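Novice: A structural model of the following input is requested.
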Amino acid sequence: MIYQEPARWSYTFQTYSCMTRLKAQLEPLPEKLLKSQDPVQIFERSVYSDRYVFAKNQFEIGHLGEIEWTIYQDWHTFLVQEFGDRIALHGFLYLQASPEKCLERLHRRARAEEKDIRLEYLEQLHAQHENWLVNKSTEVHFENLRNAPVLVLDVNQDFEHNPSVQEELMRKVKTFIKKL
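Specialist: Model (predicted):
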């Protein structure tokens, strides 16, 4: 629905997305992970990427109105502060790929709900990620987030079918996690 009528559904979609990401971050650690010496959880996205990439982008392209964006930021800030350490993240893995490569992979996946996604939209999301994670935007309101380490992984190469590229990426991730 968001791709068919973005101005109508952006606030609803971003609200729901943030809520599901918040629930995922608040889930208790699985028993198996609790028993490990150094439990690590990795999320595909977080309540922070929801705000500083996806919702922000919807506002900047005019699909979220000024009032909706203000309300979204207000309840987002409240929830992040309310849950505090329970949703704090220790670092970010940024899988950096060109928008063109993302579009190519999106077409290869062939998910029905993604068929109308355009290169322009992926370019916008890429710019938001770069602004937040690489350029360390001053718009980030949470100090722990501004100071969080970021591992930027170039994933333009085919890593899915290339074991040596997979191993190199995993080596970098393991080294990064050990430093956290």
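
Novice: for the chain, which segments count as strands?
Specialist: 92-96, 150-154 (DSSP state E).

Novice: would you turn the ones you listed into CSV with mean neighbour count?
Specialist: For every residue, glycine as well, the C-beta is placed using N, CA and C. CSV is the format used below for the strands of the chain (neighbours: other CB atoms under 10 Å):
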stretch, mean neighbour count
strand 92-96, 18
strand 150-154, 15
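
Novice: could I get those strands as JSON lines with distance to Arg105 and mean pLDDT?
Specialist: Formatted as JSON lines, the strands of the chain follow (distance: least, CB to CB, whole Å; pLDDT from 0 to 100):
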{"stretch": "strand 92-96", "distance to Arg105": "11", "mean pLDDT": "97"}
{"stretch": "strand 150-154", "distance to Arg105": "14", "mean pLDDT": "97"}
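
Novice: would you format the ones you listed as JSON lines with distance to Arg45 included?
Specialist: Below are the strands of the chain laid out as JSON lines (distance: least, CB to CB, whole Å):
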{"stretch": "strand 92-96", "distance to Arg45": "11"}
{"stretch": "strand 150-154", "distance to Arg45": "15"}
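
Novice: what's stretch 20-33 in contact with?
Specialist: 39-41, 43, 45-47, 49-50, 79, 83, 86-87 (CB atoms under 8 Å, 6 or more residues apart in numbering).

Novice: give me the buried entries from these.
Specialist: 46-47, 49-50, 87 (16 or more other CB atoms under 10 Å).
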